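J.: Everything below, folded, please.
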Amino acid sequence: DNDSVLAFTRTYDGAENGEVTAARRQQLTEAIAAACTDAASRSLIKADGPPGEARARGGAQVICVRTCDGAYFPMTNLPDGREGADELFGGYRSFSDLPRARGWMRGLAPIPAGMEKNFTEDRVQSSIDASMYKGKLTSVPFWANTQLLWYKKSVAQKAGLDMSKPVTWDQLVSAAQKTNTKVGVQAKLYEGYAVWINALITSAGGAIVQNPGETYDNLKLGIDSAAGKKAADIIRKVATSGVAGPAIGSSTETESLGLFDGRNGGFLVNWPYTYGALANVDKKDVGAALYPRVSANEESKPPYGGIQLAVGKGSKHANLAYQAISCITNQENQTNYMVKSGNPASRKKAFDDPAVQKAFPDGIAKLIRENLDNAAPRPLTQYWGDISLALQQRFSPPGAVTQETPARTQKYIVEVLNGKALL
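T.: Okay, the predicted model is just below:
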């Protein structure tokens, strides 16, 4: 049968990274097999490998991770097709296809009422928010992710920037110019750029979609707004001031991390894996701070990413599958996973564990936790795939963004959703 634990994940783009997928799937499978030795978990876990006869017939397996953070997997199969398909999201480019395929929510087994408390207690609020749809818990927080502001202590000191206090994007640009260093961001035409745009708009008090969950004809967008214009100003300033390097329009997490890890790196917004990935810089000179503010008097809203787990509706043993999820997401396993993978746990108490604080020293674990409290997900709308692509296109190249960009982008998105324009 299809007693698969299905992983909701956020990915940066539509292209699958085979090596990352295989490595992370194997990592999770081995971790579950080693830690979750109860009968419920054992009945659901098999060694992952090349598609074989068992898989072809819908055999039990663990479905895990593509890249990192972005939008939910598209589905290879329709939500209510193939009697509980063992893959959740994989072929459709965006959510917008799923409602037309008779509703993606129909593809999920409901969470047992008696388990909802276990799946929400001691969790960072942003991970709970990302697991909800129209006020209902539809998946289980596994790990949560958010971006930090990374900086070199020597650069901040030279610039006279007090990193113990919140800093703004304007301050970062000025500090980088003063010290002749660079600010790493993600602005390639891919999901990571939409992540940055969304973080800027939400940090300015706005929202890209004001009423997520509504149908396209009732959707209210907030891109053409004061918050949207502030976001456009910051993107243009970072891109044209020279502090982002010569290739901001092709910069992803990897390129921006490399920029920071180099001789001229000064500041970087990126995910927590950054600390473990640095290869050249002296880590004693590396600090972390809360995500930059758009305005000095308004708290920032860092990007939220991570993974939620759910069970396919076609499972004949959904309760057992959710018991396995309960094991996977208990505090001990959350802590071990965070230490070994560098991906932050959704459980709050994990951040107090000595092993986590050793893996993320100098208060970085505490900062991740604090950023997660303020983190805002991308709009939980079935049209996010289309909206994200439109944002990426209309806000590119970053150096050409103007005050008119938000209005033009919003108009374009409305036309796309109403079938009057093509992406």
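J.: contacts and neighbour counts: CA atoms only from here.
T.: Will do.
J.: burial count for A226?
T.: When neighbours are counted by other CA atoms under 10 Å, A226 registers 16.
J.: ok, it - contacts?
T.: Residues counted as contacts of A226 (CA atoms under 8 Å, 6 or more residues apart in numbering) are G206.
J.: Helix or strand for the residue nearest in space to the middle of the chain, just tell me which one.
T.: Against the mean C-alpha coordinate of the chain, by CA atoms, centre = their mean, the closest residue is G305 at 2.2 Å. Using DSSP states H and E, G305 sits within strand 304-311.
J.: what about the strands in the chain?
T.: 5-9, 132-133, 136-137, 140-146, 148-152, 182-184, 265-270, 286-289, 304-311 (DSSP state E).
J.: To E191, which of those strands lies closest?
T.: For E191, the closest of the strands of the chain is strand 304-311, at 11.8 Å, according to CA to CA.
J.: Give me the distance between that closest one and the centre of its chain.
T.: Offset of strand 304-311 from its chain centre (CA atoms, centre = their mean, to the nearest Å): 9 Å.
J.: May I have it exported as PDB, CA atoms only?
T.: C-alpha atoms of strand 304-311 as PDB (Å, rounded to 0.1, in the frame of the first residue of the first chain):
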ATOM      1  CA  TYR A 304      10.400  31.400   6.500                       C
ATOM      2  CA  GLY A 305      11.200  28.100   5.000                       C
ATOM      3  CA  GLY A 306      11.400  24.500   6.000                       C
ATOM      4  CA  ILE A 307       9.500  21.200   5.700                       C
ATOM      5  CA  GLN A 308       6.100  20.000   6.800                       C
ATOM      6  CA  LEU A 309       5.100  16.300   6.900                       C
ATOM      7  CA  ALA A 310       1.800  14.800   5.900                       C
ATOM      8  CA  VAL A 311       0.200  11.500   5.000                       C
END
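J.: report the angle between the axes of that strand and strand 140-146?
T.: 170 degrees (axes from the mean of the first three to the mean of the last three CA atoms, to 10 degrees).
J.: Within the sheet, what are the partner strands of strand 304-311, with directions?
T.: In the sheet, strand 304-311 lines up against strand 5-9 (antiparallel), strand 140-146 (antiparallel) (DSSP bridges).
J.: Low-confidence regions, the stretch 51-200 of the chain specifically.
T.: 51-106 (pLDDT under 70).
J.: quick one: contacts for G135?
T.: Contact analysis of G135 by CA under 8 Å, 6+ apart lists nothing.
J.: Need the phi and psi values for it.
T.: phi 80, psi 10 (degrees, to the nearest 10).
J.: just use 546 as the starting number from now, easier for me
T.: Understood, numbering begins at 546; the last thing we discussed is G680.
J.: thinking again about what came up before, mind checking the strands of the chain for the one nearest to A945?
T.: strand 727-729 (18.4 Å).
J.: For that closest one, which strands pair with it and how are they oriented?
T.: strand 810-815 (parallel).
J.: can you give me the angle the partner strand makes with strand 693-697?
T.: 170 degrees.
J.: What lies in contact with strand 810-815?
T.: 692-697, 700-701, 717, 721, 726-730, 798, 801-802, 804-805, 836.
J.: Recalculate using a threshold of 6 Å.
T.: 692-697, 700, 726-730, 804 (CA atoms under 6 Å, 6 or more residues apart in numbering).
J.: any idea which of the residues you listed is closest to P951?
T.: V730 (19.7 Å).
J.: check contacts around the closest one.
T.: Taking CA under 6 Å, 6+ apart, one finds S801, V814 in contact with V730.
J.: how close does the nearest residue to T797 once chain neighbours are set aside sit to I958?
T.: Ranked by CA to CA, 6 or more residues apart in numbering and with sequence neighbours excluded, the top spatial neighbour of T797 is Q731, at 4.7 Å. The spacing between Q731 and I958, counted by CA to CA, to the nearest Å, is 22 Å.
J.: what do you get for Q902?
T.: From Q902 to I958 the distance is 43 Å (CA to CA).
J.: Could you list which residues are in contact with N878?
T.: N878 touches nothing, counting by CA under 6 Å, 6+ apart.
J.: OK, contacts around Q731?
T.: G737, Y738, S796, T797.
J.: Highest neighbour count among the residues you listed?
T.: Result: Y738 is most packed of the contacts of Q731 (other CA under 10 Å), 26 neighbours.
J.: my read: it touches I780, true?
T.: No: using CA atoms under 6 Å as the test, Y738 is too far from I780 to be in contact (10.3 Å).
J.: got the contact list for stretch 706-723?
T.: Counting by CA under 6 Å, 6+ apart, residues outside stretch 706-723 touching it are A704, K727, P837, R838, V839.
J.: just the buried members of these?
T.: For the contacts of stretch 706-723, a neighbour count by 16 or more other CA atoms under 10 Å gives the buried set as A704, K727, P837, R838, V839.
J.: and which of the residues you listed is nearest to T785?
T.: K727 (12.3 Å).
J.: how much space between the closest one and A784?
T.: Taking CA to CA, one finds K727 at 11 Å from A784.
J.: So what's the residue count around G659?
T.: Neighbours of G659 using other CA under 10 Å come to 8.
J.: send the alpha carbons of stretch 937-953 over as CSV?
T.: In CSV, the C-alpha atoms belonging to stretch 937-953 read as follows (Å, rounded to 0.1, in the frame of the first residue of the first chain):
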residue,chain,number,x,y,z
GLN,A,937,10.9,37.4,-10.6
GLN,A,938,10.4,38.5,-14.2
ARG,A,939,9.1,42.0,-13.5
PHE,A,940,11.7,42.8,-10.9
SER,A,941,14.5,41.7,-13.1
PRO,A,942,17.2,42.9,-13.7
PRO,A,943,17.4,44.2,-10.1
GLY,A,944,19.3,47.3,-11.3
ALA,A,945,16.3,48.3,-13.5
VAL,A,946,13.7,48.2,-10.7
THR,A,947,12.0,51.6,-10.2
GLN,A,948,9.1,53.0,-8.3
GLU,A,949,6.8,52.0,-11.1
THR,A,950,7.8,48.3,-10.9
PRO,A,951,5.3,47.3,-8.2
ALA,A,952,2.3,48.7,-10.0
ARG,A,953,3.4,47.2,-13.3
